[in-house]
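Enquirer: the sequence and its predicted three-dimensional model are supplied below.
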Amino acid sequence: MSVETYDVIVIGAGSVGAPLAMFLAEKKLRILVVDALPSVGQGQNKCAIGGIRATHSDGSKIKACLRSLEIFSTWHNKYGEDLGWVKGGYLFPVYTENDEMMLREMLKVQRKFGLNINWISAEEVKKRVPGVEEKDLRGGTYSPDDGSASPLLAINAFYRRAVKLEARFRFNEEVTGFIKEGGAVKGVRTSKGEYRSAVVVNAAGAQAAGLSILAGVKVPVRPDCHEAGVTEPVRKFFEPMVVDIRPGDKSKNYYFYQNSEEQLVFCLTPNPPVWGDDRRSTSEFLPEVSRRMISLMPALAEIKVRRTWRGLYPMTPDGFPIVDFPKAVPGYVLAVGMCGQGFMLGPGLGSALASVIAGEKNAEDLEILSGFRLERDFSGQEKLK
């Protein structure tokens, strides 16, 4: 029986793997995507809340997400499909002098890399987020070109386009090992057979670290549990994603917005982190996030919550992804450690990585990927995780 052969095999049909497959297929490469789950986006993608921002503290992430924003915001015009895209912006209200100093200093970096962002007054914050807590409000940063989209609609659109471009997908098929020759990866072994290729990309999300060990490359990625929720629809009364970076008793930042269906979608960063892969919702999340949201916007108190859920953030020590070609294992490519931002990073990174895999030497693509090398000291920190 002959072994199927491809140009590139992508492990994982999620937030990174699906758009990457699409962009690789646009290059006329023969693509296979293998995923252990039953269909596209069944890992952490369906746990994403939908925010898409280029408001980061690092040039590579800013540029990657600017490209993602371009993809999301132009998709409907190009392909006639609704991704639930809303250009609502991101707004960080500020209540302390230290936070103001940090965010104002960050503006220099953000603008340097092309982000449309400004410091706005307290009065402007109140106009954009009616009912926001006014006591000690100093103003905030506002990036109007950021926005949100539906993770469900988006990943299925990427999947359909990849299939239209003749990328193949194998679901319910677990990668159990790698085919290696002379130290180089030449394909994968799965629960159903073998497939060969010149390049194998690990885009397996929360399972990426374990798979990478099978390839002979250790990556410092481990999952961190986060919870989110969604309310009933209510009449639209604010546009931006609101991010409160002040720490609470049991949490760091929290953030929320109204989606294209007029529901409030919200999430919270627990403190200390909850390491592991337990996807069960907890009884602690909703009281903590509700208390914090209502303290910022008292009008939210009467809105009914429909459901909550828990997902995994594949974290790196510094909060930046790992997207690289490990020299020790030719043919093996990493697209891992998205730190809970795979949905917003995936299209932009997928576009850049596809170009490099295809042998194109575009300077901007190389610049985007340059900040995500495996061989770094991981001592820095993403200031806006």
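Expert: Yes, it's here.

Enquirer: okay, domains of the protein per the record?
Expert: Here the domain parsing of the chain from automatic domain parsing is 4-49+152-221+318-370, 90-143, 228-309.

Enquirer: okay if I get the ones you listed as JSON lines plus distance to residue 74?
Expert: The C-beta positions use only the backbone N, C-alpha and C, and glycine is treated the same way. Converted to JSON lines, the domains of the chain look like this (distance: least, CB to CB, whole Å):
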{"stretch": "domain 4-49+152-221+318-370", "distance to residue 74": "11"}
{"stretch": "domain 90-143", "distance to residue 74": "16"}
{"stretch": "domain 228-309", "distance to residue 74": "16"}
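
Enquirer: and the helix ranked longest in the chain, which residues are buried?
Expert: Using DSSP state H, we find that the single longest helix of the chain is helix 59-79. Going by neighbour count (16 or more other CB atoms under 10 Å), the buried part of helix 59-79 is 59-69, 71-73, 75.

Enquirer: in terms of secondary structure, what does that helix contact?
Expert: Helices and strands touching helix 59-79, by 3 or more CB pairs under 8 Å, 6 or more residues apart in numbering; DSSP states H and E, are strand 51-52, helix 97-112, strand 147-148, helix 151-164, helix 342-357, helix 363-370.

Enquirer: among these, which is nearest residue 11?
Expert: Nearest to residue 11, of all the helices and strands packed on helix 59-79, is helix 342-357, at 13.6 Å by CB to CB.

Enquirer: now do that closest one: distance to the chain's middle.
Expert: 11 Å (CA atoms, centre = their mean, to the nearest Å).

Enquirer: quick one, that helix and helix 151-164 angle?
Expert: 20 degrees (axes from the mean of the first three to the mean of the last three CA atoms, to 10 degrees).

Enquirer: angle of helix 342-357 against helix 59-79?
Expert: 90 degrees.

Enquirer: who are the packing partners of helix 342-357?
Expert: By 3+ CB pairs under 8 Å, 6+ apart, helix 342-357 packs against helix 17-26, strand 51-52, helix 59-79, helix 151-164, strand 193-202, strand 332-336, helix 363-370.

Enquirer: and the shortest one, how far from the chain's centre?
Expert: The reference is to strand 51-52. The answer for strand 51-52 is 8 Å, by CA atoms, centre = their mean.

Enquirer: can you list the strands that that strand pairs with?
Expert: strand 147-148 (antiparallel) (DSSP bridges).

Enquirer: mind showing which ranges of this structure have poor pLDDT?
Expert: When residues are selected by pLDDT under 70, those of the chain lie in 1.

Enquirer: ok, back up a step: now the longest helix of the chain: how far from the chain's centre is it?
Expert: Distance, centroid of helix 59-79 to centroid of chain: 13 Å (CA atoms, centre = their mean).
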